[in-house]
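1. Here is my input, please return the structure:
(one chain, ligands or ions: 1)
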Amino acid sequence: MDEDTQPENDEKFYSNAIQYWSEIPATIDGMLGGFGFISQTDIRDSKLLLKQLFNSKIPPGRDYALDCGAGIGRITKHLLTGFFNKVDLVEQNPEFLAQAKEYLGPKLEDKIGNYYSVGLQSFEPEDKKYDVIWSQWVLGHLTDSDLLTFLKSCQNGLKQNGVIIIKENISSSDEIDKDEQDSSVTRPLFLYHRIFTKAGLSCYRQVKQRNFPKGLYTVYMFILKPQAQSSNNSELNL
Ligand SMILES: C[S@@+](CC[C@H](N)C(=O)[O-])C[C@H]1O[C@@H](n2cnc3c(N)ncnc32)[C@H](O)[C@@H]1O
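-> Numbers count the residues shown, from 1 in each chain. Okay, here's the model as predicted:
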């Protein structure tokens with residue numbers, strides 16, 4: 001998708017998504033479009049990815065992560081708080097964030113830093129704050145140009161050896177699938193790579209999610225490093 005295939009009206013693209021999510025229950029099933037039962041399988045492969053990353057030659061630190069499009073905190077609770085001392089959440093729906101506080105509960109309270117109630121298209125992470133910035137099932141809600149800006153600003157938010165991890169649906173052809181209902185796009189693989197490169201990021205690893213039910217989109221996880229940092233240590237797994 002080049003810039004000329006962007007939604008004609010960005011404002012409507014974003015306001016329709018806000019409207020859509022305002023009607024969705026603040027539950028795991030709501031977060032996963034009625035497929036709440038895939039959550040464990042999803043988390044299992046994500047854990048494996050992080051374990052392998054921490055066993056790599058130049059791992060990121062384990063201090064601070066950011067959960068982007070966090071919803072009710074499913075990934076924060078079941079993945080990120082197990083690996084990091086502290087996690088911030090950014091999510092545009094304030095009701096989901098309110099539910100996240102409940103869902104994460106008092107036991108994890110000390111591990112949660114900030115709840116940012118803002119769209120990713122308007123969010124800039126603090127400089128050099130995070131070891132890992134995790135975005136899952138949310139980037140289809142950004143236009144290409146906002147995604148590019150977001151990824152660039154995420155790089156400023158990374159500590160030394162920090163990485164951006166993206167986990168997203170990928171379209172089965174080279175076309176973008178537009179979903180008018182939730183106001184999102186599903187991008188093809190080549191387009192993600194084009195945007196990563198434009199943003200100055202190297203794809204260090206690319207891994208396919210396993211064992212999702214048939215009929216769902218293929219899901220990929222990407223570990224991205226700022227090009228300056230990544231040197232020659234890429235280990236792309238297709
Ligand atoms: C499919 S849910 C995924 C939630 C979470 N990442 C997970 O995997 O459990 C998409 C989430 O993205 C949020 N969202 C949609 N558009 C957004 C935007 N522009 N900025 C930030 N969050 C957004 C929705 O409110 C919803 O919580």
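2. mind saving the C-alpha coords of the lengthiest helix in the chain as CSV?
-> As assigned by DSSP state H, the longest helix anywhere in the chain is helix 39-54. C-alpha atoms of helix 39-54 as CSV (Å, rounded to 0.1, in the frame of the first residue of the first chain):
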residue,chain,number,x,y,z
SER,A,39,-5.2,-16.6,24.1
GLN,A,40,-3.1,-19.3,25.7
THR,A,41,-1.8,-20.5,22.4
ASP,A,42,-0.9,-17.0,21.5
ILE,A,43,0.9,-16.3,24.8
ARG,A,44,2.8,-19.6,24.5
ASP,A,45,4.5,-18.7,21.3
SER,A,46,5.1,-15.1,22.4
LYS,A,47,6.8,-16.5,25.6
LEU,A,48,9.0,-18.7,23.4
LEU,A,49,10.0,-15.7,21.3
LEU,A,50,11.0,-13.7,24.3
LYS,A,51,12.9,-16.6,25.9
GLN,A,52,14.9,-17.0,22.7
LEU,A,53,15.5,-13.3,22.5
PHE,A,54,16.9,-13.2,26.0
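3. Show me what the helix or strand following that helix is packed against.
-> Next in sequence after helix 39-54, counting helices and strands by DSSP states H and E, comes strand 64-68. Contacts defined by 3 or more C-beta pairs under 8 Å, 6 or more residues apart in numbering; DSSP states H and E place strand 64-68 against strand 86-90, strand 130-136. Where C-beta positions appear, they are placed from N, C-alpha and C, glycine not excepted.
4. Excluding its own residues, what touches the last one? List them.
-> Where contact means C-beta atoms under 8 Å, 6 or more residues apart in numbering, the residues beyond strand 130-136 that reach it are 46, 50, 60-69, 75, 79-80, 83-84, 88, 120, 125, 154, 157-159, 161-168.
5. how big is the angle separating that strand from strand 86-90?
-> Put simply, strand 130-136 runs at 40 degrees to strand 86-90, going by axes from the mean of the first three to the mean of the last three C-alpha atoms, to 10 degrees.
6. State the mean pLDDT of strand 130-136.
-> Strand 130-136 shows a mean pLDDT of 99.
7. Sheet partners, orientation included, of that strand?
-> Its sheet considered, strand 130-136 pairs with strand 64-68 (parallel), strand 158-170 (parallel) by DSSP bridges.
8. Around the ligand, pick out the residues from this structure.
-> For the chain, the contact set with the ligand under C-beta under 6 Å from any ligand atom comprises 17, 21, 31, 69-71, 74-75, 91-93, 96, 119-121, 136-138, 141-142.
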